[in-house]
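K.L.:
What shape does this take:
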Amino acid sequence: MQLNTVLLALCLIAPLCLATDVSYCNKKIEYGVKVSGVEISPYPVARGKAATFSISASTAEAILGGKLVIDVSYFGWHIHSETHDLCAETSCPVTIGDFLVAHSQVLPGYTPPGSYSLKMRMYDGNKKELTCIGFDFDIGLASSVADS
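P.N.:
Numbers count the residues shown, from 1 in each chain. Just a heads-up that it's a prediction; the model follows:
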């Protein structure tokens with residue numbers, strides 16, 4: 001009986017987050033930070049509601065600080081850029097080994113639903129590119145301007 005309850009709970013929770021496929025911007029470069037996955041919660045992202053992008057990564061060298069540069073495209077058109085202090089998105093200094101970068105944001109209620117692409121570049125304090133990844137995500141119809 002308990003196994004059925006656990007399976008039912010997993011089925012109900014699974015659509016609320018998604019581990020998405022990640023690709024490196026340049027497959028010929030050996031980036032210093034390796035990204036093992038991205039989890040998006042909730043999924044699909046709801047307009048006017050908080051969404052969290054959690055990026056699992058590892059580094060062979062300590063990272064004292066830096067920045068994240070995020071570019072978003074909608075059906076191939078670049079629509080948004082933002083820059084964040086790396087230490088605001090993870091604990092600094094980042095020690096050798098696995099670490100998590102988590103960014104939460106509320107998308108405006110007027111954000112059009114559909115498929116989006118995100119490109120994230122991570123730089124250290126000396127402006128050296130540590131990694132560059134891309135992944136796709138969806139914004140659903142769940143919210144409207146009236147809801148936000």
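K.L.:
contacts, neighbours, all on C-alpha from now
P.N.:
Fine.
K.L.:
The most centrally placed residue in the chain bridge partners, please.
P.N.:
Against the mean C-alpha coordinate of the chain, by CA atoms, centre = their mean, the closest residue is Phe53 at 3.3 Å. For Phe53, the beta-bridge partners are Ile40, His103 (DSSP bridges).
K.L.:
Contacts only, for it.
P.N.:
Counting by CA atoms under 8 Å, 6 or more residues apart in numbering, Phe53 makes contact with 38-41, 102-104.
K.L.:
Buried subset of the residues you listed as a ChimeraX selection?
P.N.:
Typed into ChimeraX, the line below selects the buried ones among the contacts of Phe53, using 16 or more other CA atoms under 10 Å:
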select :38,39,40,41,102
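K.L.:
Please identify which of the contacts of Phe53 is nearest to Ile70.
P.N.:
When these are compared for distance to Ile70 (CA to CA), His103 wins out at 10.7 Å.
K.L.:
Is the closest one in contact with Ser56, as I believe?
P.N.:
No. At 11.9 Å, His103 does not count as touching Ser56 under the criterion of CA atoms under 8 Å.
K.L.:
Count the neighbours of the nearest residue to Asp138 once chain neighbours are set aside for me.
P.N.:
Distances taken as CA to CA, 6 or more residues apart in numbering place Ser115 nearest to Asp138, at 4.5 Å, with adjacent residues excluded. Neighbour count of Ser115, defined by other CA atoms under 10 Å: 15.
K.L.:
Alpha carbons of the one helix or strand Ser115 maps to, in PDB - could you do that?
P.N.:
Here Ser115 sits within strand 114-124, counting by DSSP states H and E. Output of strand 114-124 as PDB, limited to C-alpha atoms (Å, rounded to 0.1, in the frame of the first residue of the first chain):
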ATOM      1  CA  GLY A 114       5.900  29.200 -25.900                       C
ATOM      2  CA  SER A 115       9.300  27.800 -26.300                       C
ATOM      3  CA  TYR A 116      12.400  29.700 -25.200                       C
ATOM      4  CA  SER A 117      16.100  29.200 -25.400                       C
ATOM      5  CA  LEU A 118      18.500  30.300 -22.700                       C
ATOM      6  CA  LYS A 119      22.300  30.800 -23.000                       C
ATOM      7  CA  MET A 120      24.300  31.100 -19.800                       C
ATOM      8  CA  ARG A 121      27.900  32.100 -19.700                       C
ATOM      9  CA  MET A 122      29.900  32.000 -16.400                       C
ATOM     10  CA  TYR A 123      33.000  34.200 -15.900                       C
ATOM     11  CA  ASP A 124      35.500  34.300 -13.100                       C
END
